[in-house]
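[1] coords please:
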Amino acid sequence: MPALGLAAAAATIGAMFVIAPANAAGGVSATFSKGSDWGTGYEGKYTIANGSGSTLPTWTVEFDLPSGAKISSLWDGSYTASGQHVTVKNTWNGNVANGGSAGFGFNVAYSGSYVAPSNCKLNGGSCSAGGTPPTTTPPTTTPPTTTTPPPAGGRGAPYLYLGWGNPPSPQAVMSATGIKWFTMAFVNSSGGCNPAWDGSRPLSGSADANAIAQIKAAGGQVVPSFGGWSGNKLGPNCSTSAALAGAYQQVINAYGLKAIDIDIENSDEFENEAVQDRILGALKIVKQNNPGVQTILTFGTSTTGPNYYGNRLIDQSKALGAGVDVYTIMPFDFGGGADMYASTVSAANGLRDKLKSTFGWSDATAYAHLGISGMNGLSDQQELTSVSTWSQITSWAKSNKIARLAFWSVNRDRGCPGGGVQSTCSGIAQNDWDFTKVTAGF
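    Predicted coordinates for the structure are as follows:
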């Protein structure tokens with residue numbers, strides 16, 4: 001909204017905003033950083049830092065792209081483009097406290113050589129010169145209601161695993177289904193506190209890195225998942241929360257991430273209280289250093305909700321101030337799944353009730369911090385989730401506005417009726433990518 005519109009809106013509630021240009025005295029800045037580059041495009045980010053001494057209630061960042069470059073996608077902001085000039089305004093992240101920061105990310109498609117954006121302006125002035133935020137006078141009438149935005153959720157992001165199961169081309173799946181996000185499995189320890197795909201494939205130059213570049217080139221995004229059931233985990237191998245946060249940060253920096261998933265299901269992590277606390281402490285550090293990165297915890301469940309260790313994980317996340325955005329349950333392999341729709345809803349509502357009791361949230365807020373990660377087709381315990389059942393689960397997830405919907409896995413999203421549980425197919429009769437198409441609708 002332009003400054004005039006803000007002033008007019010503010011007058012209706014008895015307060016007046018004055019937006020100073022960013023080259024005035026103060027400490028507001030916007031800084032560009034470049035993430036992954038795949039030769040025909042790259043991921044960029046602007047971080048707005050407020051050191052002015054007062055709250056920054058709104059921001060607008062402008063910049064120019066070189067000839068032949070254009071925005072292909074942008075998140076955590078709304079934008080307009082006029083030729084090569086791009087204007088980005090805050091959405092839910094405009095109220096930046098003193099000492100805090102906000103930001104937005106975007107993908108740029110380009111030809112030729114990479115050239116960084118230029119001519120940055122923040123609230124009409126230089127991005128590097130600092131500035132003062134809009135100032136306020138106390139309202140003379142009832143102040144406007146403020147709300148805390150929900151986490152940046154609402155994503156359908158099925159798991160894609162490059163380690164087995166004849167992994168498909170992610171771009172082919174995206175083209176066939178409309179899916180935009182993938183949860184990429186799994187980052188583990190390559191020895192000590194060093195992250196690598198499956199504990200062996202490097203963060204750069206691997207098939208995983210190439211797949212991520214393909215996904216981003218097609219306008220998508222990824223959520224790397226740390227952990228899983230098998231393999232050598234970072235949680236027990238990193239000696240402190242700070243060291244573990246450093247391992248997470250390496251992956252965040254490698255791919256310019258918007259979210260990470262900690263799949264805490266192996267007993268070495270999930271049923272080890274010291275490791276639980278180490279993970280939560282690490283996520284707290286990650287959130288402090290990367291306020292725009294969504295943090296997700298994924299763990300097992302009973303048909304009625306989290307078990308003892310799941311409940312402890314949630315309680316400790318509050319006690320330690322971990323700031324977890326999304327708590328995701330895996331409603332399968334719980335030995336009670338004759339009706340997988342009913343069992344999934346029951347488990348999810350059990351998690352909802354736990355989040356409500358721990359954090360004092362409403363139903364709607366609890367759902368906005370809740371995720372479901374199912375297993376398509378036949379589970380390890382022969383529980384059957386058909387395409388029809390997954391469609392029911394997805395409809396329920398949409399109607400309750402939960403934060404995340406995933407399944408294990410895209411590799412298995414192919415038919416093999418009567419084939420049992422396999423890495424390359426679902427064990428049921430289906431068309432290729434049926435479950436992914438349903439999830440894309442979420």
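[2] which residues does residue 361 contact?
    Each residue near residue 361 by Cβ atoms under 8 Å, 6 or more residues apart in numbering is listed here: 355, 369. (C-beta placed from N, C-alpha, C; glycine too.)
[3] Give me the three-state assignment for it.
    Recorded secondary structure, residue 361: coil (DSSP: H, G, I helix; E, B strand; the rest coil).
[4] where are the low-confidence patches of the stretch 51-200 of the chain?
    75-76, 92, 129-154 (pLDDT under 70).
[5] just the helices in it please.
    Using DSSP state H, counting those that start in this stretch, the helices of the stretch 51-200 of the chain run over residues 170-177.
[6] Now do the helices in the stretch 251-400 of the chain.
    Under DSSP H, counting those that start in this stretch, the stretch 251-400 of the chain gives helices at 267-270, 273-289, 308-319, 340-359, 363-367, 387-399.
[7] Distance from the chain centre to stretch 264-284, please.
    Chain-centre distance of stretch 264-284: 20 Å, with Cα atoms, centre = their mean, to the nearest Å.
[8] just to revisit the earlier point, adding distance to residue 191, write the helices of the stretch 251-400 of the chain out as TSV.
    TSV is the format used below for these (distance: least, Cβ to Cβ, whole Å):
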stretch	distance to residue 191
helix 267-270	16
helix 273-289	18
helix 308-319	27
helix 340-359	35
helix 363-367	39
helix 387-399	38
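[9] looking at the ones you listed, which is closest to residue 55?
    Nearest of the helices of the stretch 251-400 of the chain to residue 55, taken as Cβ to Cβ: helix 273-289 at 18.9 Å.
[10] What count of nearby residues applies to residue 160?
    26 (other Cβ atoms under 10 Å).
[11] Surely it touches residue 407?
    No. Using Cβ atoms under 8 Å, residue 160 is not in contact with residue 407; the gap is 10.9 Å.
[12] could I get the helices of the stretch 251-400 of the chain as JSON lines with distance to residue 56, mean pLDDT and mean neighbour count?
    Output for the helices of the stretch 251-400 of the chain, formatted as JSON lines (distance: least, Cβ to Cβ, whole Å; pLDDT from 0 to 100; neighbours: other Cβ atoms under 10 Å):
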{"stretch": "helix 267-270", "distance to residue 56": "39", "mean pLDDT": "92", "mean neighbour count": "18"}
{"stretch": "helix 273-289", "distance to residue 56": "19", "mean pLDDT": "97", "mean neighbour count": "20"}
{"stretch": "helix 308-319", "distance to residue 56": "28", "mean pLDDT": "98", "mean neighbour count": "17"}
{"stretch": "helix 340-359", "distance to residue 56": "27", "mean pLDDT": "98", "mean neighbour count": "20"}
{"stretch": "helix 363-367", "distance to residue 56": "25", "mean pLDDT": "97", "mean neighbour count": "18"}
{"stretch": "helix 387-399", "distance to residue 56": "34", "mean pLDDT": "98", "mean neighbour count": "17"}
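[13] ok, now how distant is residue 36 from residue 210?
    11 Å (Cβ to Cβ, to the nearest Å).
[14] what sits in contact with each of these two?
    By Cβ under 8 Å, 6+ apart, no residue touches both residue 36 and residue 210.
[15] So between these two, which is more surrounded?
    Per other Cβ under 10 Å, whichever of residue 36 and residue 210 has more neighbours is residue 36, with 20 against 14.
[16] Let me know the next secondary structure element after the host helix or strand of the more buried one.
    Element membership for residue 36 (DSSP states H and E) is strand 28-37. Next helix or strand after strand 28-37 toward the C-terminus (DSSP H and E): strand 41-50.
[17] for that following strand, what is the average pLDDT?
    Averaged across strand 41-50, pLDDT comes to 87.
[18] Can you list the neighbours in contact with that strand?
    With Cβ under 8 Å, 6+ apart, strand 41-50 has contacts from 27-37, 56, 59, 61, 63, 72, 88, 96-110, 114, 117, 120, 122, 133, 216-217, 256.
[19] now do 7 Å
    28-36, 56, 59, 61, 72, 96-110, 114, 117, 122, 133, 216-217, 256 (Cβ atoms under 7 Å, 6 or more residues apart in numbering).
[20] could you give the angle of that strand to strand 28-37?
    Counting by axes from the mean of the first three to the mean of the last three Cα atoms, to 10 degrees, strand 41-50 lies at 160 degrees to strand 28-37.
[21] so who does residue 109 touch?
    40, 41, 69, 70, 72.
[22] swap in residue 337?
    343, 383.
[23] before we move on, what about residue 305?
    So residue 305 contacts 347, 350, 351, 353, 354 (Cβ under 7 Å, 6+ apart).
[24] Name the residues linked to it by a beta bridge.
    Taking DSSP bridges, one obtains residue 302 as the residues bridged to residue 305.
[25] any idea how far it lies from residue 170?
    33 Å.
[26] Skip the chain neighbours and tell me the closest residue to residue 279.
    residue 235 (5.3 Å; Cβ to Cβ, 6 or more residues apart in numbering).
[27] gap between that neighbour and residue 397?
    28 Å.
[28] which residues sit against stretch 187-199?
    162-163, 186, 200, 202-203, 206, 208, 224-226, 231-234, 237-238, 243-244, 247, 250-251.
[29] Please point out which parts of it sit buried.
    187, 188, 189, 190, 193, 194, 195, 196, 197, 198, 199 (16 or more other Cβ atoms under 10 Å).
[30] Now distance to residue 179 too, for the residues you listed, in JSON lines please.
    Below are the buried residues of stretch 187-199 laid out as JSON lines (distance: Cβ to Cβ, whole Å):
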{"residue": "187", "distance to residue 179": "21"}
{"residue": "188", "distance to residue 179": "25"}
{"residue": "189", "distance to residue 179": "29"}
{"residue": "190", "distance to residue 179": "29"}
{"residue": "193", "distance to residue 179": "33"}
{"residue": "194", "distance to residue 179": "31"}
{"residue": "195", "distance to residue 179": "25"}
{"residue": "196", "distance to residue 179": "26"}
{"residue": "197", "distance to residue 179": "21"}
{"residue": "198", "distance to residue 179": "23"}
{"residue": "199", "distance to residue 179": "27"}
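[31] quick check, nearest of these to residue 411?
    The shortest gap between residue 411 and any of the buried residues of stretch 187-199 belongs to residue 198, at 13.7 Å (Cβ to Cβ).
[32] Report the separation between the residue nearest to the spatial centre of the chain and residue 226.
    Closest to where the C-alpha atoms of the chain average out (Cα atoms, centre = their mean) is residue 259, at 3.1 Å. From residue 259 across to residue 226, the span is 12 Å (Cβ to Cβ).
[33] Noted, bye for now.
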